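Visitor: Got a predicted structure plus its sequence, pasted below:
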Amino acid sequence: MILLHTLASCNSGRTRAAHFFMCHKMLMFLTIIATLSSFPAVAAFTHPNLNSKLQRFHDLLSSCNPYIVDSLVEEPPKSLLNDLLSGKWPQQESKDKNNDYIQFVSPLLEDGYPPAVFEYEAQHHRFKPLLLYIPGFDGTILAPFLQFPSLGEEFDVRAMRIDNADRSTFVELKERIVEYLLQECKKRNVENSVDKVYLMGESFGGILSTEVAMELKKTKYKEFIDLKGLVLVNPATSYLRSIVYELAPPIAAPKPSIPVLEGAEYAFRLLTEVVPLFLGESEHRFVQQLIRIILFKGLPPVVNNAEREAYMGRVAFAIPLRLKFMPKDTFQWRLKEWMEVGSSRFEDRLKTLRAAQHSDVRDVDVDTQTMLKVSEELRTTIVVGELDAMPSLEEAERLSSKLFQKAHVHVVKGSGHISTCGGSLHLIQVLRESFPEINLSGCSGDESCNISEELHGLEPRYDNSPIGMMPWQYWSTDNYRQVDKTDLQK
């Protein structure tokens, strides 16, 4: 509401320049807050009524009505998975999207990032490996949004988005991802070559992406998908051993201590008992970064040109509409069916793997052989926050020593669970070290490498401007290009 008041003041004619300056500062604040969106408590305090109140404002912003690469229209039913593998292609059917709450999107096209749009229009994206981001517990794709433009230099970036109304089980989520990748790899097929794919999973998405990797390494997929690498960001595979496992389930208990205040109690306990675990000591670094961005002293290392700063601003405008209140029943479902089931499944697989490593490979089943193959061959990058309470640092050591033999661990200094993909990380540089085939030049001329501890992990502004980019420039012809949805659907 503060942002709306500021915008309204901008149109009054009084002290126009001063109000636009304040508006810009508010946008920078919202942008950094977006990096905190990987935990449901943040979304829980975005009340559903806010969406309707902001809808008129939303309609004025063309970037909030983007093209979504939505696989739901074309995605085949689960019964046709074998047809996909055998080379058959299902007829396109229209579906009621209200009955299906999972979307696969191209986030850079969605927010009008010019390099990605130009690349799509020229169909050059098909020659890049596909990177699929699998989200955390909240199901949104806001946590790593600052990283998407630089990742787009080397990858065709896609992301999975899950609505609060979804009630898919852990296994069903895995199946949806596998089916989507099969469909997209067939569609992107260049000269009958096998499509190169990288998976990136954050928090809960780390559990899910590991399960998907086990599936994709089976022999039946090798004609279509070549899984080249796995990226895990604060993987929640340690959930069953974490303090979160002790504190979160009681908050989602079906019988609250004060029934008449159920909603208020749920929100209060999230805020006071769980959210502090994911902020912790990283809050200081976050606040220091925020201050320096507001004062135009620095920017995240991945925001190193005008197009990326404009993209950051456009996403900031859309944050209030993309963060949605997470109902208690959704919170309960995901704790039980996603986190607990997924973590238990992972621990069972790890035990099976350990036993198989001391057995004759000829005596184990196909699934165990696949696990051995993943353990021995799959290159894995594990990115963790130094101050994460899950605890991700210990989990990275466990995964790199007991599961992934070709693992590279990168620690983001001063970051907690929900800020690891935020202002201090330059993920594409980390991946270029782990996967040299995506770029042999390392830090290119298009990137900066001047991260400063004086700026608490940020870099000096790329243009040395004392006031930064103004909001109206976010949608200028140089910084924004909307995709023609009709043309794309053809």
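Guide: Good, I have the coordinates. Please read these numbers as outputs of a predicted model, since none were measured by experiment. Numbers count the residues shown, from 1 in each chain.

Visitor: same question for stretch 265-280, mean pLDDT?
Guide: On average, the pLDDT along stretch 265-280 is 79.

Visitor: So what's the gap between that stretch and the chain middle?
Guide: Mean C-alpha position of stretch 265-280 versus that of the full chain (CA atoms, centre = their mean, to the nearest Å) differs by 22 Å.

Visitor: now do stretch 374-385
Guide: 18 Å.

Visitor: cool, and stretch 268-281?
Guide: Here stretch 268-281 shows a centroid-to-chain-centroid distance of 21 Å under the convention CA atoms, centre = their mean.

Visitor: can you check stretch 346-365 too?
Guide: For stretch 346-365 - counting by CA atoms, centre = their mean - the centre lies 31 Å from the chain centre.

Visitor: Tell me where the stretch 201-350 of the chain has strands.
Guide: In the stretch 201-350 of the chain, the segments counted as strands under DSSP state E, counting those that start in this stretch are 225-233, 298-299.

Visitor: Looking at the ones you listed, spot the one closest to residue 394.
Guide: With distances scored as CB to CB, the stretch of the strands of the stretch 201-350 of the chain nearest to residue 394 is strand 225-233 (13.9 Å). For the C-beta atoms, the positions are set from N, CA and C on the backbone; glycine is no exception.

Visitor: what's in contact with the closest one?
Guide: 129, 144, 181-182, 185, 194-203, 205-206, 209-210, 213, 216-217, 378-384, 399, 404, 420-421, 427, 431, 434-435, 437 (CB atoms under 8 Å, 6 or more residues apart in numbering).

Visitor: in the protein, what secondary structure element scores lowest on mean pLDDT?
Guide: helix 2-10 (a mean of 37; mean pLDDT, DSSP states H and E).

Visitor: picking that back up, emit the ChimeraX select command for whichever of the contacts of strand 225-233 are buried.
Guide: The following ChimeraX line selects those of the contacts of strand 225-233 that are buried, judged by 16 or more other CB atoms under 10 Å:
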select :129,144,181,182,185,195,196,197,198,199,200,201,202,203,205,206,209,210,213,216,217,378,379,380,381,382,383,384,399,404,420,421,427,431,434,435
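
Visitor: In strands, which of the contacts of strand 225-233 fall?
Guide: Assignment to strands by DSSP state E places the following of these there: 195-202, 379-384.

Visitor: With distance to residue 332 added, can I get the residues you listed in a markdown table?
Guide: Putting the ones in strands among the contacts of strand 225-233 into a markdown table (distance: CB to CB, whole Å) gives the following:
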| residue | distance to residue 332 |
| --- | --- |
| 195 | 38 |
| 196 | 38 |
| 197 | 33 |
| 198 | 33 |
| 199 | 27 |
| 200 | 27 |
| 201 | 22 |
| 202 | 21 |
| 379 | 36 |
| 380 | 31 |
| 381 | 32 |
| 382 | 29 |
| 383 | 29 |
| 384 | 27 |
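
Visitor: just for the stretch 101-250 of the chain, where's the confidence low?
Guide: Across the stretch 101-250 of the chain, the ranges flagged by pLDDT under 70 are 190-192.

Visitor: What distance do you get for residue 250 to residue 294?
Guide: Here the criterion is CB to CB, to the nearest Å. By it, residue 250 lies 38 Å from residue 294.

Visitor: higher neighbour count, those two?
Guide: Looking at residue 250 and residue 294 with other CB atoms under 10 Å, you find the greater number of neighbours at residue 294, namely 16 against 10.

Visitor: where does the more buried one land on pLDDT?
Guide: Residue 294 is assigned a pLDDT of 73 by the prediction.

Visitor: do residue 366 as well
Guide: In the prediction, the pLDDT value recorded for residue 366 is 81.
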